[in-house]
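J.: only geometry, no sequence info:
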């Protein structure tokens, strides 16, 4: 499963006259009490969602909700009873029985527990994690063995091992020792060449976007000499690791390093928005300019503070997103086509709009450039015309 493609499919779902339930769960079980807490959280949140429907003139919503509630509770019961994959640390569930939709997405990273009932699937928790963890090929390499893992947000997709014969140490000295050391080096080189060929084959399949190497420094350095330059360009990190470590611990360590590097890269990208906005008009900072670019389909990457929380307007007719004018009626007419509008959460609506345009959405905890500009900015596909 390509999670990013799945998220874009979800973003393209059109509104229907039925409720859409989105449930995010932390399923990293520490104990049996945690399992029970998830069961109770689900029941309580669904009960609250049901209460939201009371008094609404939406009979179709209420009828469809009962089926959604039953399907979700049945699935969560399966999670709690360990029917599904125990390595899953997070689960996202989307249900709209009126439209025949019931989708579940596992995550190697836990979600914060949350439940939403809306006209459309709520995507920003899933999209945020997806933006932080790109598919990665981890290669653990030794003198005579190697392990390769294809890791995605859903977990370890593929795992392979390569073992080779490399002679042990030799006690003789002098020329005999030197010849024997060269013999050992030849065997190690042959092994590393085989692993490198396998790495190239896996990477060229297109499933992974990044490569990480793990092992002793001198061994990793020797291994890299057998990699083509075009492959080396995608190596984002190297680190030492004990080959006897449990797989789960190795992957946890890897994910922590990847997240830190992603945060650093996003921070650098945001820092460059000011220069791009001023010099070439290839970026925007602040809500007004970003919404204008978004409505024109010009956003390549949207950047948001995780604390960003602003309500805005979405036009029923043209779909554009706008801010209400100061002092105006909250449900004012669209500034572009004069169509009727509805109130929306702009973080979610902007995320959906960018994903529909095949753009990227990236979040950051703190950044002074965004903090000074409404908590939002964007890089553009082409200059914003006025």
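T.: Here it is on my side, so go on. As the structure is a computational prediction, the values presented were derived from the model and not from experiment.
J.: Any idea how many residues pack against residue 134?
T.: 17 (other Cβ atoms under 10 Å). Where C-beta positions appear, they are placed from N, C-alpha and C, glycine not excepted.
J.: ok, now residue 366?
T.: The tally of other residues near residue 366 (other Cβ under 10 Å) stands at 10.
J.: Same check on residue 158?
T.: Neighbouring residues of residue 158 were enumerated by other Cβ under 10 Å; the total is 14.
J.: quick one: it and residue 6, what's the gap?
T.: Computed with Cβ to Cβ, to the nearest Å, the distance linking residue 158 and residue 6 is 18 Å.
J.: so where's the stretch 1-150 of the chain shaky on pLDDT?
T.: Low-confidence segments of the stretch 1-150 of the chain (pLDDT under 70): 55-60, 85-87.
J.: What are the boundaries of the strands in it?
T.: Secondary structure of the stretch 1-150 of the chain (DSSP state E, counting those that start in this stretch): strands located at 20-26, 90-96, 101-107, 114-118, 136-141, 145-152.
J.: Residue 80 against residue 38, yeah?
T.: Yes. At 6.3 Å, residue 80 and residue 38 qualify as touching, with contact defined as Cβ atoms under 8 Å.
J.: Now do the same contact list for residue 71.
T.: Contact analysis of residue 71 by Cβ atoms under 8 Å, 6 or more residues apart in numbering lists 95, 97, 102.
J.: can these go into TSV with extra columns for neighbour count and distance to residue 21?
T.: Formatted as TSV, the entries for those read as follows, by neighbours: other Cβ atoms under 10 Å; distance: Cβ to Cβ, whole Å:
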residue	neighbour count	distance to residue 21
95	25	5
97	21	9
102	16	10
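J.: Closest one of those residues to residue 235?
T.: Residue 235 has its nearest neighbour among the contacts of residue 71 in residue 102, at 39.8 Å by Cβ to Cβ.
J.: Can you give me every residue that contacts the closest one?
T.: Remark: with contacts taken as Cβ under 8 Å, 6+ apart, residue 102 is in contact with 71, 93, 94, 95, 96.
J.: quick one: residue 239 from residue 218, how far?
T.: Relative to residue 218, residue 239 is positioned 14 Å away (Cβ to Cβ).
J.: where exactly do the helices run in this protein?
T.: 3-11, 32-53, 59-80, 124-132, 174-204, 217-224, 229-232, 247-271, 273-279, 287-295, 346-356, 368-371 (DSSP state H).
J.: Could you save these as a markdown table and add columns showing distance to residue 315?
T.: Converted to a markdown table, the helices of the chain look like this (distance: least, Cβ to Cβ, whole Å):
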| stretch | distance to residue 315 |
| --- | --- |
| helix 3-11 | 18 |
| helix 32-53 | 24 |
| helix 59-80 | 23 |
| helix 124-132 | 21 |
| helix 174-204 | 44 |
| helix 217-224 | 54 |
| helix 229-232 | 46 |
| helix 247-271 | 29 |
| helix 273-279 | 26 |
| helix 287-295 | 9 |
| helix 346-356 | 11 |
| helix 368-371 | 26 |
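J.: how about the ones you listed, which one is nearest residue 307?
T.: It is, among the helices of the chain and with distance given as Cβ to Cβ, helix 368-371, at 9.0 Å.
J.: residues in contact with the closest one?
T.: The contact list for helix 368-371 (Cβ under 8 Å, 6+ apart) reads 270, 271, 273, 274, 285, 303, 304, 305, 364, 376, 377.
J.: now, the most widely separated pair of those?
T.: The widest separation within the contacts of helix 368-371, taken as Cβ to Cβ, falls between 274 and 304 and amounts to 16.5 Å.
J.: More neighbours: which of these two?
T.: With other Cβ under 10 Å as the criterion, residue 274 and residue 304 differ in neighbour count, and residue 304 comes out ahead with 24 against 15.
J.: For that one, which residues are in contact?
T.: Under the criterion of Cβ under 8 Å, 6+ apart, the contact partners of residue 304 comprise 347, 350, 351, 361, 362, 363, 364, 370, 375, 376.
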